[in-house]
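In: my questions concern the predicted model and sequence given below.
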Amino acid sequence: MNTETNELVLDNIDVTFSGRSYDRSEDVHALSKINLTIKQNDFIVALGASGCGKTTLLNVIAGFLRPTEGSLYFQKRQGRTKTKVATRQEIVKPSPDRGVVFQKHALLPWFNVIENVEFALKLQGVDRIKRREIAEEKIVLMGLEEFQTHKIYELSGGMQQRVGIARALASDPAILLMDEPLGALDALTRETVQEIILKGWEKTRKMVFFITHSVEEALFMATRLIIMSPRPGRITHEFKLDFSKQFLKGVSARKIKSQAKFIAKREKILDIIHSDAT
Ligand SMILES: Nc1ncnc2c1ncn2[C@@H]1O[C@H](COP(=O)(O)OP(=O)(O)OP(=O)(O)O)[C@@H](O)[C@H]1O
Ligand SMILES: [Mg+2]
């Protein structure tokens, strides 16, 4: 039995971009006092007006950007009651432990699907047979088995994003970080990929930090929805949700999204976002 659980802890994170280093007179206080513990099985979705610091927060978690104040670390808890912290590792740089999926895929156009998914494993020195085995497994998880040998330009936008997710999963990260991964897709494809991501998440149970501008997407996907507010960027609200659980138990996405409970939550969140913006 697995008695170990992962947590990613953000402890009082502040980020200020200095005006001087960017040739501007004003400093930008992009994040203020962010406290958040991301736990195993959390699918966290961040919503908020443009400029409220969502990408900055993702960049901090990824290790691309060091916070101006505060600290963040990855810890493992052990034992039956999970009260004991077994290991704690400060996050100071990017690592394969944190897989990133960008809005626009960053796939290599001269490689086919499976070669793209394998690429990071190759850099990590994983042998040929093993890396092919891992890549095939992630490709199946994203429903792309028929497209393994297709070139990237032969795929639709939704498929390309799924390759991006398969690639991020190939390194077996503890957490998957996604910055508006479905933002460029049409509504129908977007719904299909939402469903594929949730089914993949159910199988892998990775921690997820997912950014979106769509309130409906946020409600449907999140187990924890955080709302951020700008100047300075901070977390103002958090909701625990179970719409994705309903979907994973077999209720259709259409049915979930038309429930009175779903619509009431959507209106409440739109109210919060609009009142934050004024
Ligand atoms: N490298 C940087 N240098 C200076 N200022 C920055 C930098 N990156 C972000 N900012 C500023 O920090 C604030 C937060 O930006 P961020 O990109 O995190 O917002 P966001 O919530 O992701 O917005 P969007 O929804 O438009 O993607 C903004 O005011 C932005 O101009
Ligand atoms: Mg952003």
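Out: Happy to help now that I have it. Ligands and ions are numbered 1, 2, ... in the order given.
In: now do residue 124 against ligand 1, distance only.
Out: 28 Å (CB to the nearest ligand atom, to the nearest Å). Just so you know, the C-beta spots here come from the backbone N, C-alpha and C atoms, and that holds for glycine as well.
In: contact partners for that residue?
Out: 96, 171 (CB atoms under 8 Å, 6 or more residues apart in numbering).
In: now with 6 Å?
Out: By CB atoms under 6 Å, 6 or more residues apart in numbering, no residues touch residue 124.
In: what score does it have for pLDDT?
Out: You'll see residue 124 listed with a pLDDT of 86.
In: please apply the same query to the one 5 residues further on.
Out: Confidence per residue is given as pLDDT, and for residue 129 that number is 94.
In: now it: which helix or strand?
Out: Using DSSP states H and E, residue 129 sits within helix 128-141.
In: tell me the buried residues in that helix?
Out: Across helix 128-141, burial judged by 16 or more other CB atoms under 10 Å covers 131, 132, 134, 135, 136, 138, 139, 141.
In: find the nearest non-adjacent residue to the last one, please.
Out: Once its chain neighbours are removed from consideration, residue 141 has its nearest residue in residue 200; the separation is 4.8 Å (CB to CB, 6 or more residues apart in numbering).
In: what segments of the stretch 151-278 of the chain are strands?
Out: Counting by DSSP state E, counting those that start in this stretch, one finds strands in the stretch 151-278 of the chain at the ranges 175-179, 207-211, 224-229, 234-240.
In: mind putting those into a markdown table with distance to ligand 1, mean pLDDT and mean neighbour count?
Out: Output for those, formatted as a markdown table (distance: least, CB to the nearest ligand atom, whole Å; pLDDT from 0 to 100; neighbours: other CB atoms under 10 Å):
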| stretch | distance to ligand 1 | mean pLDDT | mean neighbour count |
| --- | --- | --- | --- |
| strand 175-179 | 7 | 94 | 23 |
| strand 207-211 | 7 | 96 | 24 |
| strand 224-229 | 7 | 97 | 22 |
| strand 234-240 | 12 | 97 | 16 |
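In: partner residues bridging residue 207?
Out: With DSSP bridges as the criterion, residue 207 is bridged to residue 175.
In: what about the residue lying closest to residue 139 once chain neighbours are set aside, neighbour count?
Out: Distances taken as CB to CB, 6+ apart put residue 166 closest to residue 139, at 5.4 Å, once the chain neighbours are dropped. Using other CB atoms under 10 Å, residue 166 is surrounded by 26 other residues.
In: residue 166 against residue 143, yeah?
Out: No - with contact defined as CB atoms under 6 Å, residue 166 does not reach residue 143; the gap is 9.7 Å.
In: from the chain's centroid, how far away is the lowest-mean-pLDDT helix or strand in the chain?
Out: Ranking every helix and strand in the chain by mean pLDDT, DSSP states H and E puts strand 84-90 at the bottom, with a mean of 85. Per CA atoms, centre = their mean, to the nearest Å, the displacement of strand 84-90 from the mean C-alpha position of its chain is 22 Å.
In: then stretch 139-159?
Out: Computed by CA atoms, centre = their mean, the chain-centroid distance of stretch 139-159 equals 20 Å.
In: pull the CA atoms of it into PDB?
Out: What follows is stretch 139-159, C-alpha atoms only, in PDB (Å, rounded to 0.1, in the frame of the first residue of the first chain):
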ATOM      1  CA  ILE A 139       0.000   8.600 -25.900                       C
ATOM      2  CA  VAL A 140      -2.700   6.000 -25.200                       C
ATOM      3  CA  LEU A 141      -3.700   8.000 -22.100                       C
ATOM      4  CA  MET A 142      -4.400  11.100 -24.300                       C
ATOM      5  CA  GLY A 143      -6.200   9.000 -26.900                       C
ATOM      6  CA  LEU A 144      -3.600   9.500 -29.600                       C
ATOM      7  CA  GLU A 145      -2.600   5.900 -30.400                       C
ATOM      8  CA  GLU A 146      -3.600   6.200 -34.000                       C
ATOM      9  CA  PHE A 147      -1.400   9.300 -34.500                       C
ATOM     10  CA  GLN A 148       1.900   8.100 -33.100                       C
ATOM     11  CA  THR A 149       3.800   8.500 -36.400                       C
ATOM     12  CA  HIS A 150       2.000  11.700 -37.600                       C
ATOM     13  CA  LYS A 151       4.000  14.900 -37.900                       C
ATOM     14  CA  ILE A 152       2.900  17.700 -35.600                       C
ATOM     15  CA  TYR A 153       1.600  19.800 -38.500                       C
ATOM     16  CA  GLU A 154      -0.700  17.000 -39.500                       C
ATOM     17  CA  LEU A 155      -2.600  17.300 -36.200                       C
ATOM     18  CA  SER A 156      -5.500  19.500 -35.200                       C
ATOM     19  CA  GLY A 157      -4.900  22.100 -32.400                       C
ATOM     20  CA  GLY A 158      -6.700  19.900 -29.900                       C
ATOM     21  CA  MET A 159      -4.500  16.900 -30.700                       C
END
